[in-house]
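Trainee: requesting a structural model of the entry that follows:
(one chain, ligands or ions: 1)
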Amino acid sequence: MSGPIQQRDAECEDELLAGVEAREGRRTTVGGLAVKRVLPTKGRRTVGAWCFVDLAGPEDAENPDPMEVGPHPHIGLSTVTWLLEGEAVHTDSLGTEQLIRPGQLNLMTAGHGIAHAELAAEPPFRGVQMWVAQPEATRHGESRFAHHEELPRLDLDHAEGLVFVGAMLDATSPAETDTELVGVDLQLRRGITVLPTRTGFEHAVVPLDGRIKVGPEVVEPGWLALVPGGVDELPIEASDAGARALLLGGEPLGERVQMWWNFVARDRDEITAAYEEWRDRTDRFGEVSSSLERIEAPRPPWLPDED
Ligand code: MN
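Mentor: Numbers count the residues shown, from 1 in each chain. As a prediction, this is how the structure comes out:
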């Protein structure tokens, strides 16, 4: 290839990488468990179809929060559960009971409706809870659950990866997703790793351990780096050994999602209907076998007060 073309490509890539944005997550709680929520973030609801990313405990290693989330419903999304430490048991209204350990994937797809519970079997619990919005074509469909014990490994210049959804180079996850996605857990060595990203995808990098540089932006755990579409070589630099981060990406969803509580929908009426059916215990969400207490939905703020 001639010089000028390569140079123009490099300039174009630099321009795209100048669009990387660092965003700080916010502290909140899920069923009493302290979490740092990095997606959604201000002005941005989705990255590909990824619509929710929570980093869970332990903030206080001496007194870790128990990971106990009682039966609760979901619609219109897949939950991607990724453990960093400990073990947890997932139960759902399909009758699933599944132990998950670090390096394994639980992928639960709600469709029209599902209910589930999570209980830490082996504390301390540390994990990442992610949601993926389902597209119009599948979001009213049947629910399903898959557990993947073996996931493909990836070797890069200064990093090793575990591909939990989608593909990178010749490592392809067996997980079935409703939209084109990628999710890789990267263990970074000191130096620069250039990730071969797909130009049709938008991406986010979620630091788990250590401070890293994504393009020109420095981010640390509790933060998110948003990477615009068009990038096909994403440089990540770790200045310390032992840095770890998730790369998440996918085709832009192209649908405006509305999220409230545990529901991913397109408008308030759909959310109101799901809220009422969970409250009224209709068979939409089914029964979960769990020793934990059922979680009641708060009343949607747009509904008129009761009496
Ligand atoms: Mn859930």
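Trainee: beta-bridge partners for the residue positioned nearest the centre of the chain, please?
Mentor: Closest residue to the average C-alpha location of the chain: M130 at 2.5 Å, with CA atoms, centre = their mean. Going by DSSP bridges, M130 is paired in beta bridges with V53, V80.
Trainee: ramachandran angles for D209?
Mentor: The phi/psi pair for D209 (degrees, to the nearest 10) reads phi -140, psi 130.
Trainee: any weak-confidence spans in the protein?
Mentor: Within the chain, the stretches with pLDDT under 70 are 1-8, 31, 58-66, 307.
Trainee: in it, which spans are helices?
Mentor: Along the chain, the stretches classed as helices by DSSP state H are 3-17, 268-279.
Trainee: out of those, which is closest to V231?
Mentor: helix 3-17 (5.0 Å; CB to CB). Every C-beta, even on glycine, is put in place using the N, C-alpha and C of the backbone.
Trainee: pull the contacting residues for T41.
Mentor: 23, 25, 224, 226 (CB atoms under 8 Å, 6 or more residues apart in numbering).
Trainee: so what's the last one closest to, chain neighbours aside?
Mentor: Computed as CB to CB, 6 or more residues apart in numbering, the closest residue to L226 that is not its neighbour in sequence is E21, at 4.5 Å.
Trainee: most neighbours per residue, which of the helices of the chain?
Mentor: For the helices of the chain, the largest average neighbour count (mean count of other CB atoms under 10 Å) is found in helix 268-279, namely a mean of 18.
Trainee: show me what it is packed up against.
Mentor: Under the contact definition 3 or more CB pairs under 8 Å, 6 or more residues apart in numbering; DSSP states H and E, helix 268-279 sits against strand 258-260, strand 263-265.
Trainee: you'd agree A146 is up against V165?
Mentor: No. Contact status for A146 versus V165: not in contact, 10.8 Å apart, counting by CB atoms under 8 Å.
Trainee: shared neighbours of the two, which are they?
Mentor: With CB under 8 Å, 6+ apart as the test, A146 and V165 both reach 105, 107, 175.
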